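Chemist: Need the 3D shape of this:
(2 chains)
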Number of protein chains: 2
Amino acid sequence: MDKRTYLENAKEVMAQITNGAFLTVKSGDKVNTMTIGWATIGFVWKREVFMVAVRNSRYTFQLLEQTDNFTVSIPIDSAFKDAVMFCGTKSGKDFDKFKECNLKQRAARHVDSPIVDIPGVHYECKIVYKSAMDSAFLDSKLEKLYPQKDYHTLYFGEILDCYDVER
Amino acid sequence: MDKRTYLENAKEVMAQITNGAFLTVKSGDKVNTMTIGWATIGFVWKREVFMVAVRNSRYTFQLLEQTDNFTVSIPIDSAFKDAVMFCGTKSGKDFDKFKECNLKQRAARHVDSPIVDIPGVHYECKIVYKSAMDSAFLDSKLEKLYPQKDYHTLYFGEILDCYDVER
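Modeler: The predicted structure follows:
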């Protein structure tokens, strides 16, 4: 588990995110993970940041609104394809996704939310800014991504750590 | 001028942005460029996106509010250090920065805003979403970045092109 710089192999990391990564959030005694395929990374507010987008209809949104941190676990290969599919289509309101997918949690180093204990790249983030989307400022071509008008809230997490978990 | 994938050499690109890059905007017959040191890049709304942050007190903000596109020109080396400094500390309200810094414009391929004609990496972006910062959702530790309460507006540009200009 060597520490990575946040943008090391960023191309590979972002390519893998678009194939599905796990966004994990803990609030109180509740933990949930969901699949994400969208993210941006960079440097804002003098901090390395990882931005994720979560629809307000999601169970993860409820947890994120009650805490200030999240982790992102990016699988190194396609071995977790079924889990990525399950966690992207089922809700934590209805399932214990860790149990259903036989995924294990591993304590993070700096935040309450655990990482998913799989080989890959892991980010630990503390939320420093968030913004509920205002549809008025969205390009009209993008409206079709929101047929139910369930817009995203954008969460900007300061990257506290980024590291590999080996096979 | 080979086309790059948006995250090719992203680490190098982001490291260079934090040293100063040029954000260029054209609205009508007005063109201005300003130095940025903050940005994020990634994939959202099924699009490759480049996010920049512009304080509402900036001349560039006025131009961005009247158009739907911008470019980012990232110098390949430190030869443009003085221009980066000038364009980050002086306002386009007071100076023609291109003239003052002896910078040339070059027509972009896909957007109205030109690129700064320097060796480096250039992004052409169409704004698909923007969001004025709401200070209520900002980590209190970050408030010190806004002593004048002149918050940023976040502009998310779809990356239409990304390429090198050689020496």
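Chemist: got the residues of chain A near chain B?
Modeler: A:5, A:7-11, A:14-15, A:17-18, A:37-46, A:49, A:51, A:53, A:126-131, A:133-134, A:137-139, A:141-142, A:145, A:154, A:158 (Cβ under 8 Å from any Cβ of the partner chain). Where C-beta positions appear, they are placed from N, C-alpha and C, glycine not excepted.
Chemist: need the helices for chain A, in chain order.
Modeler: For chain A, applying DSSP state H gives helices covering A:10-17, A:59-64, A:81-89, A:97-101.
Chemist: And the ones you listed: which comes nearest residue B:85?
Modeler: With Cβ to Cβ, the closest approach to residue B:85 among the helices of chain A belongs to helix A:10-17: 27.4 Å.
Chemist: I'd like the average pLDDT over that closest one.
Modeler: For helix A:10-17, mean pLDDT rounds to 67.
Chemist: Which residue is most remote from the mean position of chain A?
Modeler: What lies farthest from the middle of chain A is residue A:140; by Cα atoms, centre = their mean that is 26.1 Å.
Chemist: Run through the residues that contact that residue.
Modeler: With contacts defined as Cβ atoms under 8 Å, 6 or more residues apart in numbering or on different chains, residue A:140 has no neighbours.
Chemist: For it, give me the pLDDT.
Modeler: pLDDT, read off for residue A:140, is 92.
Chemist: same check, this time on residue A:119
Modeler: In this prediction residue A:119 is given a pLDDT of 94.
Chemist: go on, residue A:72?
Modeler: So residue A:72 comes in at 96 (pLDDT).
Chemist: Is it in contact with residue A:41, as I believe?
Modeler: No. With contact defined as Cβ atoms under 8 Å, residue A:72 does not reach residue A:41; the gap is 9.7 Å.
Chemist: Find residues that contact each of those two.
Modeler: residue A:50.
Chemist: With neighbour numbers in mind, choose between the two.
Modeler: Applying other Cβ atoms under 10 Å in any protein chain shown to residue A:72 and residue A:41 shows that residue A:72 carries more neighbours, namely 28 against 25.
Chemist: In contact with the nearest residue to the more buried one once chain neighbours are set aside, which residues?
Modeler: Counting by Cβ to Cβ, 6 or more residues apart in numbering or on different chains, residue A:72 lies nearest to residue A:123, which is 4.4 Å off, once chain neighbours are set aside. When the contact criterion is Cβ under 8 Å, 6+ apart, the partners of residue A:123 are A:6, A:50, A:71-74, A:157, A:159, A:161-162.
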